[in-house]
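Colleague: based on what follows, work out the 3D shape:
(2 chains)
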Amino acid sequence: MKNRVSVLRAARKWSQADVADHLGVSRQTINAIETGRYDPSLPLAFKIAELFTLQIEEVFFPNEESHIDIKN
Amino acid sequence: MRKTQSDRESQSDIRLRRDELRNAIPATILLFLALMIAGGDKSPSDMSGTDILWATLFLMGIALLIRSSVVAYLRADELQRMMRLKVASLSFMVTITGLCIATLLGSLQLVSPAIMLQGILIGGLLFWSIAQTVLDKKNRS
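Modeller: Numbering: from 1, shown residues only, chains lettered A, B, ... in the order given. Okay, the predicted model is just below:
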């Protein structure tokens, strides 16, 4: 899963620690999410989207290779 | 929202580390005392009393260590919980492997399993804390 957290954060001139404080998580969690090393849980992903006042799909989106072929 | 340096730790990080340190101090003191008693001179007359004291301190130390680990786990966020579970399962695997080897060596009458038991336990705890620190440092960058 890819995300725009670092871009959105930089646009607001917030530090990773600022975002972490607002979400009640550690800075390393924000760092891991930004670098793609960790995919957050759905509740945390919703909280991140809410912090940036965006829809979840505007912050998180799937990798190109993760599309599912639906066959009847 | 405040504009600060990007490498500043979050309040959650600071709180977790402070609590972890505060909870681990009594356990460390008790285990250190138990180690001192075990390593001290034992005269045959007070052998049983010393043994009881050693066992009490050791068990209390281990109980406090487990308590501090559980408290730290409950206060950690989702990524930290995942990392802690990974490290705990790895340490468990290392300890179980050590116990298997000790049993095997014991059955071959090469080494007394009772002697190896303490080493395996301390080794497992050491592995746990080192692996936790390494994984923590790796994810902090």
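
Colleague: name the nearest residue to residue B:88, ignoring sequence neighbours.
Modeller: residue B:128 (7.0 Å; C-beta to C-beta, 6 or more residues apart in numbering or on different chains). To be clear about C-beta, it is placed using only N, CA and C from the backbone, and glycine gets the same treatment.

Colleague: I meant residue A:51, not that one.
Modeller: The spatial neighbour of residue A:51 that comes closest, neighbours along the chain excluded (C-beta to C-beta, 6+ apart), is residue A:22 at 5.7 Å.

Colleague: what's the distance between that neighbour and residue B:82?
Modeller: Separation of residue A:22 from residue B:82 (C-beta to C-beta, to the nearest Å): 21 Å.

Colleague: still on that earlier bit, my guess is the residue nearest to residue A:51 contacts residue A:52, does it?
Modeller: No - Residue A:22 lies out of contact with residue A:52 (C-beta atoms under 8 Å); the separation is 10.4 Å.

Colleague: can you name the residues that contact the most centrally placed residue in chain B?
Modeller: In chain B, the centroid-proximal residue (C-alpha atoms, centre = their mean) is residue B:125; its distance is 3.9 Å. Contacts here follow C-beta atoms under 8 Å, 6 or more residues apart in numbering or on different chains; on that basis residue B:125 touches B:65, B:91.

Colleague: any idea how far it is from residue A:57?
Modeller: To residue A:57, residue B:125 is 45 Å away according to C-beta to C-beta.

Colleague: rewinding a little: chain A versus the residue nearest to the centre of chain B, what's the distance?
Modeller: 24 Å (C-beta to the nearest C-beta, to the nearest Å).

Colleague: smallest gap between chain A and chain B, at which residue?
Modeller: Relative to chain B, the nearest point of chain A is residue A:20 (3.4 Å; C-beta to the nearest C-beta).

Colleague: give the contact list for the closest residue to chain A within chain B.
Modeller: Using C-beta to the nearest C-beta, residue B:10 is the residue of chain B that sits closest to chain A, at 3.4 Å. Listed by C-beta under 8 Å, 6+ apart, the contact set of residue B:10 reads A:16-17, A:20-21, A:25-27, A:30.

Colleague: now swap in residue A:38 and tell me
Modeller: A:29, A:32, B:79.

Colleague: give me that answer again for 10 Å
Modeller: The contact partners of residue A:38, by C-beta atoms under 10 Å, 6 or more residues apart in numbering or on different chains, come to A:1, A:28-32, A:44, B:78-79, B:82-83, B:139.

Colleague: which parts of chain B are helices?
Modeller: B:11-39, B:47-75, B:78-107, B:113-140 (DSSP state H).

Colleague: can I get those helices in a markdown table with mean pLDDT?
Modeller: Rendered in a markdown table, the data for these read as follows (pLDDT from 0 to 100):
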| stretch | mean pLDDT |
| --- | --- |
| helix B:11-39 | 79 |
| helix B:47-75 | 84 |
| helix B:78-107 | 92 |
| helix B:113-140 | 82 |
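
Colleague: make a markdown table out of the ones you listed and add distance to residue A:9.
Modeller: Listed next are those as a markdown table, based on distance: least, C-beta to C-beta, whole Å:
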| stretch | distance to residue A:9 |
| --- | --- |
| helix B:11-39 | 17 |
| helix B:47-75 | 25 |
| helix B:78-107 | 17 |
| helix B:113-140 | 18 |
